[in-house]
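In: Let me see the structure of the following:
(chains A, B, C and D)
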2 protein chains.
Amino acid sequence: MATSKSLPQPDREEIRVEAVLQALGEPVRLQIVRALAAAPEGIACGELELPVTASTRAHHLRTLREAGVTSTQTEGTKRISKLRREDLESLYPGLLNGVLAAPR
Amino acid sequence: MATSKSLPQPDREEIRVEAVLQALGEPVRLQIVRALAAAPEGIACGELELPVTASTRAHHLRTLREAGVTSTQTEGTKRISKLRREDLESLYPGLLNGVLAAPR
DNA sequence: GTGATTGTTCGATCGTCATCGTACTACGAT
DNA sequence: ATCGTAGTACGATGACGATCGAACAATCAC
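Out: Residues are numbered from 1 along each chain as shown, chains lettered A, B, ... in the order given. Predicted structure coming up:
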């Protein structure tokens, strides 16, 4: 049986804009967010191509999740992360689109 | 005669989204940005009510200016800072409004 | 079971940054 | 010129965070 569990994350009303902006302001994390934005079905940690080691990758994914930017579900040994687009759009309408509109 | 000079700042195309997000992610700076958003005519450094000393205030204003978030003009001994709304809206449409929509 | 895969957690290191006080500059008023 | 005001620049400190390697945990395949 494929057990699937959600990792802890802040509720929508607990999300703080400073934490979101700080999370998005780190280059590696912004790169992750761009990849997640291009993959609505979510991405497993290991599938992200990043210039850092696996432990640093885990650290950034945790930061994004705890800031309320992403949600993570375990699928077997994989952990699928997705953007919390609805929550972010509801809290800060236009913010995410504006960030994603930035030239790379 | 009232001499008026603009302090150096990045051109629109030099603005990096990481720097903008990082600048906005600091609580004191976000407070400054909120105050500037409420005062389209600009605010002098000393008129900002912040829980930090003058030197820290100057540091944050410099960070915002160098990130491309604000512009600063000298008016006598005062330095008037304004939000670069047009540039930010052009680069990251919706971002600033989204941030300002956040509950305090 | 063993082993391989996937990912996290822990501890350490190193750099960056927010903060402060002090000294300094620039301008205006007297 | 002297004084007061507005703000910056510098140097130091302390805290936070990005990074890594190594050890650990959980699941799947065999």
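In: What parts of chain A come near DNA strand C?
Out: Neighbours of DNA strand C within chain A, by C-beta under 7 Å from any atom of the strand: A:44-47, A:54-55, A:57-59, A:61-62, A:72, A:77-79. C-beta: built from backbone N, CA, C; applies to glycine.
In: Got a PyMOL select line for the buried ones in those?
Out: Remark: buried members of these, expressed as a PyMOL selection using 16 or more other C-beta atoms under 10 Å in any protein chain shown:
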select buried, chain A and resi 45+57+61+72+79
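In: In helices only, show me the residues of chain A next to DNA strand C.
Out: Members of those lying in helices (criterion: DSSP state H): A:54-55, A:57-59, A:61-62.
In: List the contacts of A:S6.
Out: A:71-74 (C-beta atoms under 8 Å, 6 or more residues apart in numbering or on different chains).
In: Let's see that with 6 Å instead.
Out: Counting by C-beta atoms under 6 Å, 6 or more residues apart in numbering or on different chains, A:S6 makes contact with A:Q73.
In: What segments of chain A are helices?
Out: Counting by DSSP H, the segments of chain A that form helices are A:17-24, A:27-37, A:54-67, A:85-91, A:95-100.
In: can you list the residues of chain A near chain B?
Out: A:17-18, A:21-22, A:24-25, A:27, A:92-95, A:97-98, A:101-102 (C-beta under 6 Å from any C-beta of the partner chain).
In: can you redo the helices of chain A as TSV with mean pLDDT?
Out: As requested, the helices of chain A are exported to TSV (pLDDT from 0 to 100):
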stretch	mean pLDDT
helix A:17-24	98
helix A:27-37	98
helix A:54-67	98
helix A:85-91	97
helix A:95-100	97
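In: export these to TSV and tack on distance to DNA strand D?
Out: Below are those laid out as TSV (distance: least, C-beta to the nearest atom of the strand, whole Å):
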stretch	distance to DNA strand D
helix A:17-24	7
helix A:27-37	5
helix A:54-67	3
helix A:85-91	19
helix A:95-100	16
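In: how long is stretch A:83-97 end to end?
Out: Stretch A:83-97 stretches 12 Å from its first residue to its last (C-alpha to C-alpha, to the nearest Å).
In: I meant to write stretch A:93-104 there.
Out: End residues of stretch A:93-104 are separated by 22 Å (C-alpha to C-alpha).
In: my read: A:S71 touches A:R84, true?
Out: Yes: counting by C-beta atoms under 6 Å, A:S71 does reach A:R84; the two are 5.5 Å apart.
In: Of the two, which one has the most company?
Out: Between A:S71 and A:R84, A:R84 has the larger neighbour count (other C-beta atoms under 10 Å in any protein chain shown), namely 24 against 17.
In: And that one, how far from B:E49?
Out: 34 Å (C-beta to C-beta, to the nearest Å).
In: Please report how far A:L64 lies from A:Y92.
Out: 15 Å.
In: okay, the two: which has more neighbours?
Out: Neighbour count, other C-beta under 10 Å: between A:L64 and A:Y92, A:L64 has more, with 26 against 23.
In: Would you mind confirming that that one is in contact with A:S81?
Out: No: A:L64 lies out of contact with A:S81 (C-beta under 6 Å); the separation is 7.5 Å.
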